[in-house]
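requesting a structural model of the entry that follows:
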Amino acid sequence: MRLVRHACRVGAHGASSLPPGSAYPYPEVRAYYEALGGASTVPLLVYYFPAVSAAIQTVEHVLDLCSIPNVVGLKFTDFDLYRLSLIQRAGHTILNGRDEVAAAGILMGAHGGIGSFSNLVPELFVKIYNDGQAGNWTSARATQDRVNDLIRAVLSFPAMAAIKKLLTWSGIDCGYPVLPPRDDG
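Prediction:
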């Protein structure tokens, strides 16, 4: 709540938040997004990310979340692009969240994308988007292959630490990743 209010105060054009973790049932996840939507003076995007919150299980759940006042759409972080297309057909704004399938997400109806790797090579994701909008799927696929080569290389290391190091080398110091919890047992 504090962060969404801060985003509104500093002039953000929108806000988004991961859902509470998998320990929360769907009604509590919905209540969470209702509270965020009510606290925000800017449009809100919910997340569909089954790896983080298993409570959002169906297209109907996603459509229900999108019906909350002030919710304009969602970040869709899954490989089930058929599901993405069903949500898009209902008229909601969708940002594809799986960088590995950015081109396919655009093909299936995503309005854009946002992910960890777009911070590293934004120009490649802009190219994928522009090629997709122009119907140049051969070029979009070739650029997606370049992105996926980078993803594969980065994922041979701890992902967040590697991404933060690459950003630092690019001139964007984002500090160190959070250390894993200690096992004192």
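
ranges for the helices of this structure?
Residue ranges of the helices in the chain, as given by DSSP state H, are 2-9, 26-39, 59-66, 81-89, 102-107, 122-133, 137-154, 159-169.

and stretch 148-160, how far apart are its ends?
When the termini of stretch 148-160 are compared using C-alpha to C-alpha, to the nearest Å, they are 16 Å apart.

gap between that stretch and the chain center?
18 Å (C-alpha atoms, centre = their mean, to the nearest Å).

now it: buried residues?
148, 151, 154 (16 or more other C-beta atoms under 10 Å). (Glycine included, C-beta is placed from N, CA and C.)

stretch 24-32 now?
24, 26, 29-30, 32.

re the thing from before, TSV for the helices of the chain, including distance to Tyr48 and mean pLDDT?
As requested, those are exported to TSV (distance: least, C-beta to C-beta, whole Å; pLDDT from 0 to 100):
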stretch	distance to Tyr48	mean pLDDT
helix 2-9	18	92
helix 26-39	11	96
helix 59-66	5	96
helix 81-89	8	95
helix 102-107	12	98
helix 122-133	20	97
helix 137-154	21	98
helix 159-169	20	91
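
most packed of those?
Per residue and on average, the most neighbours among the helices of the chain fall to helix 102-107, with a mean of 24 (mean count of other C-beta atoms under 10 Å).

how far away from the center of its chain is it?
Counting by C-alpha atoms, centre = their mean, helix 102-107 is centred 13 Å from the centre of its parent chain.

do stretch 33-46 as well
Here stretch 33-46 shows a centroid-to-chain-centroid distance of 16 Å under the convention C-alpha atoms, centre = their mean.

looking at the helices of the chain, spot the one closest to Val52.
Go through those one by one with C-beta to C-beta and the one that ends up closest to Val52 is helix 26-39, at 10.7 Å.

what about the nearest residue to Tyr24 once chain neighbours are set aside, how many residues close to it?
What sits nearest to Tyr24 in space, not counting adjacent residues and going by C-beta to C-beta, 6 or more residues apart in numbering, is Ala55, at 5.7 Å. For Ala55, the tally of surrounding residues (other C-beta atoms under 10 Å) stands at 20.

who's in contact with Ala55?
The neighbours of Ala55, taking C-beta atoms under 8 Å, 6 or more residues apart in numbering as the test, are 19-20, 22, 24-26, 28-29, 61.

so what's the most centrally placed residue in the chain up against?
Centrality entry for the chain: nearest residue to the mean C-alpha point is Gly97, 3.6 Å, by C-alpha atoms, centre = their mean. Under the criterion of C-beta under 8 Å, 6+ apart, the neighbours of Gly97 are 47, 49, 75-78, 113-115.
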